[in-house]
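Trainee: sequence and predicted structure below; questions after.
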Amino acid sequence: MARRGGEPEKAANHERWLITYADLITLLMIFFVLMYTISNVNSKKFAQLSASMSQALLGQNSGLIIGEAPGLSVIKDFNTPGGKTEAAKMKDVKEQIEKYIEKKGLKGKVEVTPEERGLVISLKEALLFNIGSAELTPGARDVIMSVGQMLAGMPNNIRVEGHTCNLPIKTAHFPSNWELSTARATNVVKFLINQVGMQPDKLSATGYGEFRPLGPNTSEINRAKNRRVDIVILKSAFEAAEPGQKDAKKE
């Protein structure tokens, strides 16, 4: 049947759905290409991270990344100047201090222990201070001088932590164990700066009183172990937790 005016009526177009279908197929193809690209990038990063973790755990320093050209590890500050990894440098320091302990007969008075946060050098109260005092003894000065010289080449931040047992103290200088532990840590830091020549911006002092014991204060032997000063060489991964470190690196 013809329209008015003599024009023939056009047949209805039943294939317009193909345009929508083609658009949908195109969008799906783009989506899957993007997903493949993202998953491929993540697998590369995972391989790099895996290689870096292997280096950290095994103390290796090949600097190689799985599937990549030679380069630095993806773990921040893992490769330190001088060609040795941070883990290797800490291992060297640990061995030096252990030899010093054996040579000087300081076993039981000085202990060195690797921890997740870094290397902990624990100096017992009997070696450093008289009871109730924060003044370093002459013997303590010799030990801290020797240990400090071994640490002087490390680029890491160093935290000095004072600890006491749970026996109460109340004197004119130290109303509680908080003040005593903090003063002891501070005096060790001052000695490292003034006598050893270590950089002040790499050092910090803190006091924990009797609240971070190594064991229960149930005997004098245990209390003697808890009365200590710990020198902690912090791993570079923990530098971000130090106040001002992020801003200082940006400058």
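Mentor: It's in. Numbering: from 1, shown residues only.
Trainee: please count neighbours and contacts with C-alpha atoms only from this point.
Mentor: Noted.
Trainee: below-threshold pLDDT in the stretch 51-200 of the chain: ranges please.
Mentor: 51-83 (pLDDT under 70).
Trainee: quick one, strands of it?
Mentor: 110-115, 118-124, 158-163 (DSSP state E, counting those that start in this stretch).
Trainee: and the angle from the first one to strand 118-124?
Mentor: This points to strand 110-115. 160 degrees (axes from the mean of the first three to the mean of the last three CA atoms, to 10 degrees).
Trainee: tell me the helices and strands packed up against strand 110-115.
Mentor: Packing partners of strand 110-115 (3 or more CA pairs under 8 Å, 6 or more residues apart in numbering; DSSP states H and E): helix 86-104, strand 118-124.
Trainee: please identify the most buried of those.
Mentor: Mean neighbour count (mean count of other CA atoms under 10 Å) peaks for strand 118-124 among the helices and strands packed on strand 110-115, with a mean of 22.
Trainee: between that strand and strand 158-163, how many degrees?
Mentor: Using the same axes, to 10 degrees: strand 118-124 against strand 158-163 is 40 degrees.
Trainee: returning to that earlier point: out of the strands of the stretch 51-200 of the chain, which comes closest to A241?
Mentor: A241 sits nearest to strand 158-163 of all the strands of the stretch 51-200 of the chain, at 12.1 Å, using CA to CA.
Trainee: packing partners for the closest one?
Mentor: Looks like strand 158-163 contacts helix 177-191, strand 203-207, strand 228-234 (3+ CA pairs under 8 Å, 6+ apart).
Trainee: out of those, flag the one nearest L123.
Mentor: strand 228-234 (5.2 Å).
Trainee: may I have the closest one exported as PDB, CA atoms only?
Mentor: Coordinates of each C-alpha in strand 228-234 appear next as PDB, following Å, rounded to 0.1, in the frame of the first residue of the first chain:
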ATOM      1  CA  ARG A 228      69.300  -3.200  80.900                       C
ATOM      2  CA  VAL A 229      70.000  -0.600  78.200                       C
ATOM      3  CA  ASP A 230      69.200  -1.800  74.600                       C
ATOM      4  CA  ILE A 231      71.000  -0.300  71.600                       C
ATOM      5  CA  VAL A 232      68.800  -1.000  68.600                       C
ATOM      6  CA  ILE A 233      70.000  -0.700  65.000                       C
ATOM      7  CA  LEU A 234      66.700  -0.200  63.200                       C
END
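Trainee: how far out from the middle of the chain is it?
Mentor: 14 Å (CA atoms, centre = their mean, to the nearest Å).
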